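[1] no letters, just coordinates:
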DNA sequence: CGCTTGCCTTCGTGTTACACGAAGGTCTTA
DNA sequence: TAAGACCTTCGTGTAACACGAAGGCAAGCG
């Protein structure tokens, strides 16, 4: 049985965050002792890991709560639970693609700065060059993929 | 010369966001007409794309502001600007690795749910099975990589 | 001439997921 | 007896806007 402090050092979550999660019902197996002190068993630590994991991958607290509540309802919610994970997986894949774009973009940007430093390219971000250039590093920036109009 | 509405439809940013950015000084080339109306030329549209781009990759507004201010100071800030992009590139790569982990994790989770549905694995998230199992899907969740103690 | 439309401003609230500190309580241990 | 660890509630702050309201100005239309 672990206290908040111990759970914090095990999971890497802050004590604040852990209290926050328990109060929101994200650790269904948590117990309290006779002095109202939070006590975490292995199962509760696992829930904390799970919450941390889902949250880091971009799932909002409310959805995590929803998922956990479904878990507590048992077998009947099996399909819905797997659907949540499937959909969230798609979301994560989209995020991954985004991340790749960003990395590529920044590599181009760094390369461009190397060219500029070497004098092989003009520094189009420098206002002193704007009049002649007319275009800044815009070519390196993404345009909106699908204008939200 | 584009108005806020037009800039919004071009960049995919909301009008709110665009006013927010211009007020923060993130669009240094913006002009106003005699009636105080914001007017965006091609250069300003490019700045908007740039801001959108950096922000999406996780750079906080304040850092973007810093970068833009450096740009405005011209050649003398070349090194510092390239350093910012290099460091942010590293950040983006770290994010990319994270994203890969999340995708892998969720794929495992989905697979596990398929196994459960097929009856080949027990549903360890179901409280009805907790007494026998003692462990939930914890094995599928990440543990803290480096406990923040 | 008034009306609508579109832009502007400031103000104020809500959001998410906490961080942080203060005040005040309880229990255990040195 | 006092320090230390846990608890509670309260209140503020953060980032990056979203959203709406109130109030103002200018252009175009019938």
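    Received the coordinates, thanks. Not measured: the values here are computed from a predicted model.
[2] near DNA strand D, which residues of chain A are found?
    A:3-6, A:15, A:19, A:23, A:36-38 (CB under 7 Å from any atom of the strand). (Glycine included, C-beta is placed from N, CA and C.)
[3] what is the host helix or strand of residue A:66 packed up against?
    Assigning secondary structure by DSSP states H and E places residue A:66 in helix A:61-72. Helices and strands touching helix A:61-72, by 3 or more CB pairs under 8 Å, 6 or more residues apart in numbering or on different chains; DSSP states H and E, are helix A:42-56, helix A:78-117.
[4] tabulate those helices (CSV), appending mean neighbour count.
    Formatted as CSV, the helices and strands packed on helix A:61-72 follow (neighbours: other CB atoms under 10 Å in any protein chain shown):
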stretch, mean neighbour count
helix A:42-56, 21
helix A:78-117, 17
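[5] and of these, who's closest to residue A:67?
    helix A:78-117 (5.4 Å; CB to CB).
[6] can that closest one be found next to chain B?
    Yes: using CB under 8 Å from any CB of the partner chain, helix A:78-117 comes into contact with chain B via A:78-79, A:81-82, A:85-86, A:88-89, A:92-93, A:95-96, A:98-100, A:102-103, A:105-107, A:109-110, A:113-114, A:116-117.
[7] please pull out the lowest mean pLDDT helix or strand from chain A.
    helix A:130-133 (a mean of 72; mean pLDDT, DSSP states H and E).
[8] on that earlier part again, tell me what angle the helix holding residue A:66 forms with helix A:78-117.
    On the basis of axes from the mean of the first three to the mean of the last three CA atoms, to 10 degrees, helix A:61-72 is oriented at 150 degrees to helix A:78-117.
[9] pull out the buried positions in helix A:61-72.
    For helix A:61-72, burial by neighbour count (16 or more other CB atoms under 10 Å in any protein chain shown) applies to A:64, A:67-68, A:70-71.
[10] near DNA strand C, which residues of chain A are found?
    A:14, A:16-17, A:20-21, A:35, A:55, A:60-62.
[11] sorry, back to before: the helices and strands packed on helix A:61-72 into JSON lines, with extra columns for mean pLDDT?
    Below are the helices and strands packed on helix A:61-72 laid out as JSON lines (pLDDT from 0 to 100):
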{"stretch": "helix A:42-56", "mean pLDDT": "92"}
{"stretch": "helix A:78-117", "mean pLDDT": "95"}
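[12] among the ones you listed, which comes closest to residue B:124?
    Of all the helices and strands packed on helix A:61-72, helix A:42-56 comes closest under CB to CB, at 9.6 Å.
[13] does chain B sit close to the closest one?
    Yes: residues of helix A:42-56 contacting chain B under CB under 8 Å from any CB: A:42-43, A:46-47, A:49-50, A:52-53, A:56.
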